[in-house]
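Q: Show me how the following folds:
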Amino acid sequence: MGFLPRVLNAIGVRNLLQSLSGTNRLDASAIKNLPIGGGGGDMVKSVYDTDDNGIVDNAAALNGQAASYYLDRTNHAGSQPSASISDFSEAVDDRVASLLVAGSGIGISYNDAGNTLTISNTGGGGGGGSTNLFALNYASNGDSNGVVSLLIGIGILQPSASGLFSGYSLNGPIDRSTGTATIENFASSNIANSWWMCIFSNGKMRVDRYTIRGKSNANSEHLRSWKLQGSQGGVTWTDLDTQSANNSINASNAYFTSGVLTNTTYWKFLRILQTGVNSSGTNFLTMNEIDFYGSYEEPA
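A: Numbering: from 1, shown residues only. All right, here's what the predicted structure looks like:
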């Protein structure tokens, strides 16, 4: 027999091997490369298993990629069910917990092991219980959107000062008057570190912006350097804004308007502390009007 059929069934292979002799006898490598199975095709191991590991080198279904390629999520296109991602829920839980920040009267507790996130009302602004919140948004200088406009005339915004110069009024900055009479303005005593403050007797104020109008009865003694401060008891103070050699108030009734403050706390006391001499080189702290914007909180 001078040739081998291209495809043999099992019986044919057995009969053929038994009949071969002499130069027609198959050696080991020829037997190794004999086609296997009863179907057609040209599956030769030397071609499809070049590394001789018993696995076809490149199955069409894998598109020429190693198995590790498909284990890498960055190579996946389209959507993937969240249930098939082992750490998906934990990653989302941790991300949400990191985004939430507790605020005044609001507490946040994340139990990682228990997979719970608790948001609670701690009553921090109004002493417990439910509260009313008033959003006070700045529109323009002299508008009626601030807390002074909200509370004027109802007796719960109380002014105080380090001292008061004769003929001026503690209420000058919060009486919403734009007249030029001395009594419609505030001026402290002529002492260093003079201050004026207001006390919210029935609530608290979170300030994110404020305005000051210079005194109206004379073009002198305008604020230049000061701090806006907040306090809960009137003893310990926190700086909310600091101005140094600020020339915004350069004429009678001229305004200073702050930028947006990064303040998240509701304060019972707010004060202006003068930290340097005024435009006339004296220590009189003078104002015609002040107002605060942000959010006012009071018991419901």
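Q: The residue nearest to residue 48 when sequence neighbours are not counted is in what secondary structure piece?
A: Nearest non-adjacent residue to residue 48, counting by CB to CB, 6 or more residues apart in numbering: residue 56, 5.2 Å away. (Each C-beta comes from the backbone N, C-alpha and C, glycine too.) Taking DSSP states H and E as the definition, one finds residue 56 inside no helix or strand.
Q: What is the burial count for residue 56?
A: 12 (other CB atoms under 10 Å).
Q: If I follow the layout properly, it ends up in contact with residue 49?
A: Yes. The pair residue 56 / residue 49 is scored as a contact, 6.3 Å apart, by CB atoms under 8 Å.
Q: coming back round to it: do you know how far the residue nearest to residue 48 is from residue 190?
A: 97 Å (CB to CB, to the nearest Å).
Q: in stretch 288-300, what's buried?
A: 288-298 (16 or more other CB atoms under 10 Å).
Q: In strands only, show me those.
A: 289-298 (DSSP state E).
Q: about what we covered before: ok, of the buried residues of stretch 288-300, which one's closest to residue 185?
A: Proximity of the buried residues of stretch 288-300 to residue 185 (CB to CB) peaks at residue 288, which lies at 5.0 Å.
Q: Please verify my assumption that that closest one contacts residue 211.
A: No. Look at residue 288 against residue 211 with CB under 8 Å: they stay out of range, at 11.0 Å.
Q: Which single one of the buried residues of stretch 288-300 is nearest to residue 244?
A: residue 290 (18.8 Å).
Q: Not counting sequence-adjacent ones, nearest residue to that closest one?
A: Per CB to CB, 6+ apart, closest to residue 290 is residue 173, 4.2 Å.
Q: Just confirm that neighbour contacts residue 286, I think it does.
A: No. With contact defined as CB under 8 Å, residue 173 does not count as touching residue 286 (9.6 Å).
Q: pLDDT weak spots in this protein?
A: Residues of the chain meeting the criterion pLDDT under 70: 1-43, 57-62, 64, 102-105, 120-130, 155.
Q: how about 80 then?
A: Within the chain, the segments meeting pLDDT under 80 span 1-68, 70-71, 73-86, 97, 100-131, 152-155, 178, 300.
Q: so where do the strands sit in it?
A: Under DSSP E, the chain gives strands at 106-111, 116-121, 131-136, 157-161, 186-187, 195-200, 204-213, 226-231, 238-243, 255-257, 269-274, 286-287, 289-299.
Q: mind putting the ones you listed in a markdown table, distance to residue 79 included?
A: Formatted as a markdown table, the strands of the chain follow (distance: least, CB to CB, whole Å):
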| stretch | distance to residue 79 |
| --- | --- |
| strand 106-111 | 28 |
| strand 116-121 | 26 |
| strand 131-136 | 40 |
| strand 157-161 | 57 |
| strand 186-187 | 65 |
| strand 195-200 | 53 |
| strand 204-213 | 41 |
| strand 226-231 | 49 |
| strand 238-243 | 48 |
| strand 255-257 | 50 |
| strand 269-274 | 53 |
| strand 286-287 | 61 |
| strand 289-299 | 41 |
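Q: Of all those strands, which one is nearest residue 167?
A: strand 186-187 (8.2 Å).
Q: partners of the closest one in the sheet?
A: When pairing is defined by DSSP bridges, strand 186-187 lines up against strand 286-287 (antiparallel).
Q: Show me how the protein divides into domains.
A: 10-75, 86-99+108-121, 131-299 (automatic domain parsing).
Q: Can you give the distance from the longest helix seen in the chain to the centre of its chain?
A: Looking across the chain with DSSP state H, the single longest helix is helix 88-99. Its chain's C-alpha centre and that of helix 88-99 lie 14 Å apart, by CA atoms, centre = their mean, to the nearest Å.
Q: Could you do stretch 210-220 as well?
A: Distance, centroid of stretch 210-220 to centroid of chain: 37 Å (CA atoms, centre = their mean).
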